[in-house]
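Asker: need coordinates for the below:
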Amino acid sequence: MLATLDDTPLPIGLRDIPAIAIRDLSDSRTPEELAQRVADTLRGEPSNAPETAFHLGRAPETRFTGDSVPSEVSNPRRSRRIVIASLIVGCLILATIPAVFVINEVASEYFKRGADVEARRKAGEVAEEAGKAAEDARRAATAEDARKAPEAKAAEEARQAAAAKAAEEARQAAAAKAAAEKAAAEKTAAEKAAAEKTAAEKAAAEKAAAEKAAAEKAAAEKAAAEKAAAEKAAAEKAAAAKVAAREPAAKVGAREPAAALACEERQVIAWLEQHGAYNGQLDTSIYDDAVRWVARGEPPTKTRSQIAKEEAVWRKKYPEQKLTPQTSSTVMVQGQCVLTQRVDSFKRGSDGSRKNDIFRIVYTIRTDDPRGPRIVAQEIEVLRR
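Answerer: This is a model prediction of the structure:
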C-alpha cells in the first residue's frame with residue numbers, strides 16, 4: 001500500500017509536506033516484532049532495521065536513505081508518530097472489519113428472529129380473529145338454526161307425509177298391477193283350459209267316431225262271418241245229409257265235422273270258459289301245434305306240449321286261480337277271430353300267499369280248422385293297477 005502511495009502524485013497543497021522517514025517493514029514477520037518497533041519508536045530509540053525515506057509528492061527517483069536526508073525533513077520524531085498513528089488506525093480498521101461482519105450477522109439474526117416473532121404474533125392475532133369470527137358465525141348459525149327449527153321440522157314432516165303418500169300410491173299401483181296380471185293370467189289359463197277341453201272333446205268325439213266306425217265294421221265283419229258260417233254249416237249239413245242218404249248212419253257220424261265257432265264275444269268267452277281258461281283248469285287241446293307267443297320274458301313261439309308242461313307247473317305253484325273278464329271285444333282279422341280282454345287275476349299260492357294283477361290278453365283263434373277252433377297266437381301284457 002505504501003508503494004502505491006509512493007508512486008501516486010499528490011494533489012496540489014500536499015506536495016510541500018516534508019518527507020517522513022519510515023523503517024522498512026519488509027523484515028517484519030510477526031505482530032510481536034511490529035509492536036516492539038512501535039514501542040521503540042515512541043521511546044525515541046533507534047531501530048536496527050534499515051530505514052527508507054520518501055517524500056510525499058516526489059517522484060520515485062527522489063527516494064533517499066538515512067545517509068542523505070533532504071533539508072525539508074526537519075522533525076523526524078513527528079513523522080514517526082504520524083506513521084505509527086497511521087499503522088494503529090490501519091490495524092484498528094483491519095480488526096474492525098471482522099467485528100463489523102460479526103455484528104452484521106448478529107444484527108441480521110436478531111432482526112430475523114424479531115421478524116419471525118412479529119410474524120408469529122400477527123399470525124396468532126389473525127388466527128384469534130378468525131376463531132372469533134368462526135365462533136360468531138357458529139353462534140349466528142345456531143341462532144338461525146334455532147329460529148328455523150320449527151320451519152325445518154314442519155318441512156320434514158311434510159316431506160315424510162309426501163313420501164308416505166307416494167309409497168302408499170306406489171303400493172296401491174303395484175297391487176293393482178299384480179291384480180291385473182293375476183286376472184290376465186287366470187283369463188289366459190281359463191282360455192287355455194277351454195281350448196284344451198275343446199281339443200279333448202274333439203279328440204274324444206273323433207275317437208268315439210272311430211270306435212263306432214270300427215264297431216260297425218266289426219259288426220259287419222261279424223255278420224258276414226256268421227253268414228258265412230251259417231252258409232258253411234248249411235252246406236256241410238246238406239253234404240252230410242247227402243252222404244247219409246248213400247252211407248250207413250254210423251259211418252256218417254264218424255265223418256261229421258266239429259261245430260263251427262262264430263266270432264262273437266259271448267260265444268268265444270263261453271268256449272274259453274268251457275275249456276277252463278278262467279278257473280285254472282286250462283285244457284291245452286284248444287291250442288294249435290305251434291303258437292305264436294307274445295309275453296315279456298317268454299320265447300316267441302311255444303308248442304302245445306310246452307304250454308301243457310308250464311300249465312302243470314303253474315297249477316302246482318298256484319292251486320287256486322281265477323280270471324275275471326272286465327272288458328271284451330272280438331274282431332275278424334285276415335279270416336281269424338281276435339278276442340281282446342282286460343281281466344282281473346287272483347291267485348292263491350301253495351304257501352298261502354295271495355297275488356292280484358290286471359292283464360290284457362289277446363287271443364287269435366282259427367275258426368276254419370276241420371278239427372275245431374284252435375288258438376294260434378296269444379299276447380299277454382301286465383297292466384298297472
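Asker: I'd like to know how many residues surround Ala218.
Answerer: By the criterion of other Cβ atoms under 10 Å, Ala218 has 20 neighbours. All C-beta spots, glycine's among them, are computed from the backbone N, C-alpha and C.
Asker: what is the mean pLDDT for the biggest helix by length in the chain?
Answerer: If you go by DSSP state H, the chain has its longest helix at helix 76-246. Averaged over helix 76-246, pLDDT sits at 85.
Asker: for it, name the packing helices and strands.
Answerer: strand 20-23, helix 31-43, helix 249-255, strand 320-333 (3 or more Cβ pairs under 8 Å, 6 or more residues apart in numbering; DSSP states H and E).
Asker: worst average pLDDT in the ones you listed?
Answerer: helix 249-255 (a mean of 38).
Asker: okay, Phe111 and Lys202: tell me how far apart.
Answerer: 117 Å (Cβ to Cβ, to the nearest Å).
Asker: for Arg342, phi and psi?
Answerer: Per-residue torsions, Arg342: phi -110, psi 120 (degrees, to the nearest 10).
Asker: count of residues packed around it?
Answerer: Count around Arg342 with other Cβ under 10 Å applied: 16.
Asker: and it, bridged to which residues?
Answerer: With DSSP bridges as the criterion, Arg342 is bridged to Thr327, Arg360.
Asker: quick one: what helix or strand has Thr364 in it?
Answerer: Here Thr364 sits within strand 354-366, counting by DSSP states H and E.
Asker: next helix or strand past that strand?
Answerer: strand 374-383.
Asker: and that next one, how far out from the chain middle?
Answerer: Remark: strand 374-383 is offset 60 Å from the chain centroid, using Cα atoms, centre = their mean, to the nearest Å.
Asker: give the buried residues for that strand.
Answerer: Residues of strand 374-383 classed as buried: Arg374, Ile375, Val376, Ala377, Gln378 (neighbour count, 16 or more other Cβ atoms under 10 Å).
Asker: by contact count, what packs against that strand?
Answerer: strand 287-294, strand 354-366.
Asker: who touches it?
Answerer: 286-288, 291-296, 298, 336, 342, 357-366 (Cβ atoms under 8 Å, 6 or more residues apart in numbering).
Asker: do stretch 262-277 as well
Answerer: So stretch 262-277 is in contact with 221-222, 225-226, 229, 261, 278-279, 282-283, 285-286, 323, 325, 328-332, 337, 339, 363, 365, 367, 373, going by Cβ under 8 Å, 6+ apart.
Asker: can you select the buried ones among those for me in ChimeraX?
Answerer: Per 16+ other Cβ under 10 Å, the buried members of the contacts of stretch 262-277 correspond to this ChimeraX selection:
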select :221,222,225,229,261,278,282,286,323,325,330,331,332,337,339,363,365,367,373
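Asker: which residues touch stretch 315-335?
Answerer: Against stretch 315-335 from outside (Cβ under 8 Å, 6+ apart): 214, 218, 221-222, 225, 263-265, 268-269, 277-280, 314, 337-350, 355, 359, 364, 368.
Asker: please indicate which of those residues are buried?
Answerer: Neighbour-count burial (16+ other Cβ under 10 Å) is assigned, among the contacts of stretch 315-335, to 218, 221-222, 225, 263-265, 268-269, 277-278, 280, 337-339, 341-343, 345, 347, 364.
Asker: just how off-centre is the longest helix of the chain within its chain?
Answerer: With Cα atoms, centre = their mean, you get 16 Å for helix 76-246.
Asker: what angle do it and strand 320-333 make?
Answerer: 80 degrees (axes from the mean of the first three to the mean of the last three Cα atoms, to 10 degrees).
Asker: coming back round to it: quick one: which of the helices and strands packed on strand 374-383 is nearest Ala184?
Answerer: Proximity to Ala184 (Cβ to Cβ) singles out strand 354-366 among the helices and strands packed on strand 374-383, at 44.8 Å.
Asker: now the angle between strand 374-383 and that closest one, please.
Answerer: 140 degrees.
Asker: quick one: strand 354-366 to chain centroid distance?
Answerer: For strand 354-366, the distance to the chain centre is 59 Å (Cα atoms, centre = their mean).
Asker: then stretch 365-375?
Answerer: The answer for stretch 365-375 is 75 Å, by Cα atoms, centre = their mean.
Asker: first-to-last residue distance for it?
Answerer: 4 Å (Cα to Cα, to the nearest Å).
Asker: report the angle between the strand or helix carrying Arg315 and strand 287-294.
Answerer: Take DSSP H and E as the rule and Arg315 turns out to sit in helix 304-317. Angle, helix 304-317 to strand 287-294, by the same axes, to 10 degrees: 70 degrees.
Asker: how about helix 304-317, which residues are buried there?
Answerer: For helix 304-317, by 16+ other Cβ under 10 Å, it's Arg304, Gln306, Ile307.
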